[in-house]
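Peer 1: kindly generate the corresponding structure for this input.
(one chain, ligands or ions: 1)
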Amino acid sequence: MMITTLLVAVGALATVPAAIASVVYARSSKATKAFFNPVDGGGSWLNNAGGGVGEPLNVVISGFSSPAVLTNDGILNYARAIGFSEECFGIHLGDPMSADLGDGHGAVNQTMELRQDFGFAGVGTCLESLVGGNHFRVYRQNGPKANSGALFLAVSKEQDVTEHHNIVPDGYNVGRDALIASAEGTKRFGGVTYTTKVERMFNLMPVGATGVNHGIAVDGTVALLTVHID
Ligand SMILES: *[C@@H]1O[C@H](CO)[C@@H](O)[C@H](O)[C@H]1NC(C)=O
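Peer 2: Residues are numbered from 1 along each chain as shown. Sure, this is the predicted structure:
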């Protein structure tokens, strides 16, 4: 497939700047609506965690996904299908973080925060709060300048609560890859069957630790998930 071929070519040139990667996307007729590069609209691939640093937006759920996946209820059911659920009884262990997706809305707080479920609906997320695990914040790109409808996720793997919910070493790359591994292929929850296709977009965000929360380096890869309801 054409888009995939271009992506692989971009990925092969390990030093290609993110700007070039975005040009590749902008000229691809289909991908222009999968999502818009936040940087092109004055936004960032990092959210705002306070103190001038942020978490990477390292997973994008494509605007080409089934529309029902991209609603608040839809992403929640999908998250459950891939092993996440709502925060432990609504207990928020941290402040919301905002992100600017370059869509004209400026900085907007996360739509929701979801945590790994460990297979016990309800109680499982409480377990995650105690023992650590994967979690992600959700942001929707729907402003007037870039209305793709795509969801941008800030995914990370955390230590347990005694570590004050710090991110584990390499926790952004590790969290992203764990989410991809759970999501790829066919999953079901609540009577809905999802098929997820994953593309890795290399060097789309800046590589390294500059501006990244906790000074944890990222490898620059953003995963694009296209999710279809069968
Ligand atoms: C995000 O939420 C916090 C807490 O409710 C609030 O103080 C802050 O102003 C919000 N930020 C944005 C950008 O809406």
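
Peer 1: please see if stretch 137-157 touches the ligand.
Peer 2: No. Figure legend: stretch 137-157 not in contact with the ligand (Cβ under 6 Å from any ligand atom); closest approach 11.2 Å. Bear in mind the C-beta positions are built from the backbone N, C-alpha and C, glycine included.

Peer 1: so where's the chain uncertain?
Peer 2: Scanning the chain for pLDDT under 70 picks out 1-32, 86-94, 118-132, 160-165.

Peer 1: and it, which residues reach the ligand?
Peer 2: Pro96, Ser98, Ala107, Val108, Asn109.

Peer 1: I'd guessed the second one sits against His105; true?
Peer 2: No. In this structure Ser98 lies outside contact range of His105 using Cβ atoms under 8 Å: 10.1 Å.

Peer 1: could I get the full set of strands for the protein?
Peer 2: Secondary structure of the chain (DSSP state E): strands at 59-61, 84-86, 98-100, 107-109, 112-116, 133-140, 151-158, 185-189, 192-201, 222-229.

Peer 1: format the ones you listed as TSV; extra columns: mean neighbour count.
Peer 2: Shown next, in TSV, are the strands of the chain (neighbours: other Cβ atoms under 10 Å):
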stretch	mean neighbour count
strand 59-61	25
strand 84-86	22
strand 98-100	23
strand 107-109	15
strand 112-116	22
strand 133-140	24
strand 151-158	26
strand 185-189	14
strand 192-201	18
strand 222-229	21
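
Peer 1: distance to Gly74 added to these, as CSV?
Peer 2: Listed next are the strands of the chain as CSV, based on distance: least, Cβ to Cβ, whole Å:
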stretch, distance to Gly74
strand 59-61, 10
strand 84-86, 14
strand 98-100, 20
strand 107-109, 19
strand 112-116, 12
strand 133-140, 11
strand 151-158, 9
strand 185-189, 11
strand 192-201, 9
strand 222-229, 9
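
Peer 1: contacting residues around Asn147?
Peer 2: Counting by Cβ atoms under 8 Å, 6 or more residues apart in numbering, Asn147 makes contact with Asp103, Gln141.

Peer 1: let's see that with 7 Å instead.
Peer 2: Residues near Asn147 by Cβ atoms under 7 Å, 6 or more residues apart in numbering: Asp103.

Peer 1: Arg140 and the ligand, how far apart?
Peer 2: Relative to the ligand, Arg140 is positioned 14 Å away (Cβ to the nearest ligand atom, to the nearest Å).

Peer 1: just Ile167 next, same as before
Peer 2: The value you get for Ile167 to the ligand, if Cβ to the nearest ligand atom is used, is 21 Å.
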